[in-house]
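Visitor: Here is a sequence with its predicted model. Questions after.
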Amino acid sequence: MKLRSIVPISITMLSFCTIAAFALANNVFYNPQLLPYDGKVYTGVQDPEYISYDQALRDYMVKRIKEKFGVELDAKKYSGFDLLEIEAVLRCRKSDEPLDIFLKMFPKQQ
């Protein structure tokens, strides 16, 4: 008797968890262009592989910021990690706050 009630409950819980996992997977940071760099260690910012990783991250983040927020940024002006921070600021800022104030916080590349 107990086994008969446990099986449907287990199946229901499993299907709920599966559906929730697929629903949350849409917000995961996933880009096939960046996967080759996953888990690599770089010797410094002058490392050629780090430079190519940073360029791939810049290109991806500029595209992502434009799609999500409608803001055009130049990939040559900001580092990849600055663009990650800019995206976080754009997510958290109020809609009536000007963007220029926030962009002044980030150093521009030469």
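Guide: Happy to help now that I have it.
Visitor: Assign Lys76 to helix, strand or coil.
Guide: Under the three-state scheme (DSSP: H, G, I helix; E, B strand; the rest coil), Lys76 adopts coil.
Visitor: number of nearby residues for it?
Guide: For Lys76, the count of nearby residues is 11 (other Cβ atoms under 10 Å). For the C-beta atoms, the positions are set from N, CA and C on the backbone; glycine is no exception.
Visitor: Give me the below-cutoff pLDDT ranges for the chain.
Guide: Within the chain, the segments meeting pLDDT under 70 span 1-4, 20-30, 108-110.
Visitor: could you pull out the helices for it?
Guide: 2-24, 48-69, 80-92, 99-103 (DSSP state H).
Visitor: could those go into JSON lines alongside mean neighbour count?
Guide: Shown next, in JSON lines, are the helices of the chain (neighbours: other Cβ atoms under 10 Å):
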{"stretch": "helix 2-24", "mean neighbour count": "9"}
{"stretch": "helix 48-69", "mean neighbour count": "16"}
{"stretch": "helix 80-92", "mean neighbour count": "16"}
{"stretch": "helix 99-103", "mean neighbour count": "13"}
